[in-house]
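Peer 1: Need coordinates for the below:
(2 chains)
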2 protein chains.
Amino acid sequence: MTQIKATNITRHEGHVTREAREKLLKQKGALIWFTGLSGSGKSTIAFTLEHVLVERGHLSYCLDGDNIRFGLNKNLGFSAADRTENIRRIAEVGKLFVDAGIVTCTSFISPYRADRDNARQVIGPDCFIEVYMNTPIEVCETRDPKGLYKKARAGELKGFTGVDDPYEAPLKPELTIDATSISPQEATLTVIGLLEKRGFLTGL
Amino acid sequence: MTQIKATNITRHEGHVTREAREKLLKQKGALIWFTGLSGSGKSTIAFTLEHVLVERGHLSYCLDGDNIRFGLNKNLGFSAADRTENIRRIAEVGKLFVDAGIVTCTSFISPYRADRDNARQVIGPDCFIEVYMNTPIEVCETRDPKGLYKKARAGELKGFTGVDDPYEAPLKPELTIDATSISPQEATLTVIGLLEKRGFLTGL
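Peer 2: From the prediction side, this is the model:
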């Protein structure tokens, strides 16, 4: 009886292909990598994008400090070496999510160019979309949603990006957004427009 | 014009819920954790399960040595500390996959009970299914798909689970499978039966 049922199944020794999952999901795996200073608006756009995509029937997932820094990367600090390992792990997890067929967003300051370029290579340039949040630091500092600039200026927080640790702007990002000239909703539509244009939101 | 389009979008400051993604996918996130000796049949069942689920329209993804050891965990070796960190990271990635709504399989020897118990806690006991591959070591060693037992017996490979490193069997696994008494196809159907019974393959 069990044998009869089992004859409908083929034994497998390898992974399901990315294409098979993309066909199932009617979309293509992509990584939208938001980079920019604290307070530049990365997370608001990433979250808004995630919500709009899911509402439209697309599987989307955001990796950010909430689900990475307190989980996978909780054994890392903020030294240059730990920042690099932080971004390396995020890139590798992003690669798995893209392989699963998911339209994935990452929202991290990711200040070092070499780390982001490594992420692009790991994930694959064809499905890596770097979004540079080019909001002026004066605006980010005025917003200061977590009070971190204030602490950094007071010397209570060391190695803070934009204050006493460098931010290396992308040289060739797929998109540049200045949150002072465009609303998060408009920015989200811009990203979706790019995803549509490049064919990520249609099946194989 | 842009503003008119954008008014249909709500700005968000937080993640899409797991429930929203589960509704979209018409399934519930789960982690099927295969544990057992090298050659016990973990990967064959995990891969067969992944294929059957995707063929039936369910998003499934396998984490295994191929996509983890050469990516996220390529900076880890096989010392006891590194094995623990290996499984910790896999558990944290598994948690993200389950949160994305995916029926996730992991296929790793994962020899230490404490590490697997930690994975169960990280992922959540309600959606963690431990499958113990209880294939006798004599059989695993006869199969020896990668020639590793031979090397370990010859002393060319140190710290090999079952030879000179311990395997701590699960005390209360959700399923126990002996690959000598059941085919991979039959074992796969057994796992699917459990997933159906526990409601993971139906939407919210």
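
Peer 1: CA atoms for contacts and neighbours, from now on please.
Peer 2: Noted.

Peer 1: I would like the residues contacting the helix or strand harbouring A:Ile87, please.
Peer 2: Assigned by DSSP states H and E, A:Ile87 belongs to helix A:80-99. Under the criterion CA atoms under 8 Å, 6 or more residues apart in numbering or on different chains, residues A:18, A:29-31, A:63, A:68, A:73, A:76-77, A:103-104, A:106, A:110, A:112, A:115-116, A:118-120, A:122-123, B:67, B:71-72, B:93, B:97 lie in contact with helix A:80-99.

Peer 1: try 6 Å
Peer 2: A:18, A:29-30, A:76, A:119, A:123, B:72 (CA atoms under 6 Å, 6 or more residues apart in numbering or on different chains).

Peer 1: Same question for stretch A:65-72.
Peer 2: B:89, B:92.

Peer 1: Please apply the same query to stretch A:24-37.
Peer 2: Contact with stretch A:24-37 is made by A:22, A:42, A:98, A:101-110, A:127-133, A:200-203, as judged by CA under 6 Å, 6+ apart.

Peer 1: Please apply the same query to stretch A:133-147.
Peer 2: Identification of contacts with stretch A:133-147 by CA under 6 Å, 6+ apart yields A:36, A:39-40, A:149, A:177-179.

Peer 1: Now rank those by neighbours and give me the top one.
Peer 2: Across the contacts of stretch A:133-147, neighbour numbers were computed from other CA atoms under 10 Å in any protein chain shown; A:Gly36 holds the maximum, 28 neighbours.

Peer 1: ok, it to A:Val103 distance?
Peer 2: With distances taken as CA to CA, to the nearest Å, A:Gly36 is found 20 Å from A:Val103.

Peer 1: And A:Ile182, by the same measure?
Peer 2: 23 Å.

Peer 1: do A:Asn73 as well
Peer 2: To A:Val103, A:Asn73 is 22 Å away according to CA to CA.

Peer 1: neighbour-wise, which of the two wins?
Peer 2: Per other CA under 10 Å, whichever of A:Asn73 and A:Val103 has more neighbours is A:Val103, with 27 against 19.

Peer 1: Just confirm A:Thr106 contacts A:Tyr61, I think it does.
Peer 2: No: if you go by CA atoms under 6 Å, A:Thr106 and A:Tyr61 don't touch, sitting 8.6 Å apart.

Peer 1: of those two, who's got more company?
Peer 2: Legend: neighbour count by other CA under 10 Å for A:Thr106 and A:Tyr61, higher for A:Tyr61 (31 against 25).

Peer 1: Look up phi and psi at the more buried one.
Peer 2: Main-chain torsions, A:Tyr61, degrees, to the nearest 10: phi -150, psi 140.

Peer 1: which residues does the closest residue to it other than its chain neighbours contact?
Peer 2: Nearest non-adjacent residue to A:Tyr61, counting by CA to CA, 6 or more residues apart in numbering or on different chains: A:Thr104, 5.0 Å away. The contact partners of A:Thr104, taken as CA under 6 Å, 6+ apart, are A:30-31, A:60-62.

Peer 1: Which helix or strand contains A:Thr104?
Peer 2: Going by DSSP H and E, A:Thr104 is in strand A:103-107.

Peer 1: do A:Ser38 as well
Peer 2: Since the elements are taken from DSSP H and E, A:Ser38 ends up inside neither a helix nor a strand.

Peer 1: How many residues are close by it?
Peer 2: 24.

Peer 1: What's the separation between it and chain B?
Peer 2: From A:Ser38 over to chain B the distance is 14 Å, taken as CA to the nearest CA, to the nearest Å.

Peer 1: quick one, what contacts that residue?
Peer 2: By CA under 6 Å, 6+ apart, the contact set of A:Ser38 is empty.

Peer 1: Got the confidence number for it?
Peer 2: A:Ser38 is assigned 96 on the pLDDT scale.

Peer 1: swap in A:Gln3?
Peer 2: Listed pLDDT for A:Gln3 reads 46.

Peer 1: for A:Phe78, same thing?
Peer 2: A:Phe78 is assigned a predicted lDDT (pLDDT) of 86.

Peer 1: Neighbours of the closest residue to it other than its chain neighbours, how many?
Peer 2: Of all residues not flanking A:Phe78 in the chain, A:Gly159 sits nearest, at 7.5 Å (CA to CA, 6+ apart). Number of residues near A:Gly159 (other CA under 10 Å) recorded here: 14.

Peer 1: surely A:Gly159 meets A:Pro166?
Peer 2: No: applying CA under 6 Å as the test, A:Gly159 and A:Pro166 come out as separate, 8.6 Å apart.
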